[in-house]
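Colleague: Need the 3D shape of this:
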Amino acid sequence: MSVQLNHTIVHSRDNRESATFFCRVMGLEMGTEWGPFIPVDLSNGVTLDFATIPAESIVMQHYAFLVSEEEFDAVFARIQAEGLTYYADPHRARPGEINHNDGGRGVYFLDPAGHALECITRPYGGFADEASGASS
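Modeller: Below you'll find the predicted structure:
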């Protein structure tokens, strides 16, 4: 069996708030709460399990999501509709812009716990991912 990421835990000040925000912006459905976790299934079989922990224990993480051009349009429209500040770069030096790295598009924004979320239409290095609908 090859090694595959199955799930990861996303630390949140409020797991329901963070999971709801993520689902709303990304256009996904929230799973059924299980113990301290609220799962969100991604299309590649990976689950993000949102868990509430003390705010002072949260360390900012970066989560990047490869999406199709059509999905990017929808996510970006929801980011704008929510009035979220977005950036073209991970250092947040270019607010109100998206990037066009590797011939695709990308955008960064923060979730309620302060994690950096990124949506890209092309993997870094210009390699295509047929599952995303992106091409070189």
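Colleague: Can you pull up the most central residue in the protein?
Modeller: Centroid-nearest residue in the chain, with CA atoms, centre = their mean: residue 117, separated by 4.4 Å.
Colleague: pretty sure that residue contacts residue 87?
Modeller: No: with contact defined as CB atoms under 8 Å, residue 117 does not reach residue 87; the gap is 10.7 Å. In this view, the C-beta of every residue, glycine as well, is placed from N, C-alpha and C.
Colleague: picking up where we left off before, mind listing the residues bridging to the residue nearest to the centre of the chain?
Modeller: residue 63, residue 109 (DSSP bridges).
Colleague: just residue 50 next, same as before
Modeller: Here residue 50, judged by DSSP bridges, has bridge partners residue 10, residue 38.
Colleague: hey, where'd the strands end up in this protein?
Modeller: 7-12, 37-41, 47-52, 62-66, 86-87, 106-110, 116-120 (DSSP state E).
Colleague: Out of these, flag the one nearest residue 24.
Modeller: strand 37-41 (11.0 Å; CB to CB).
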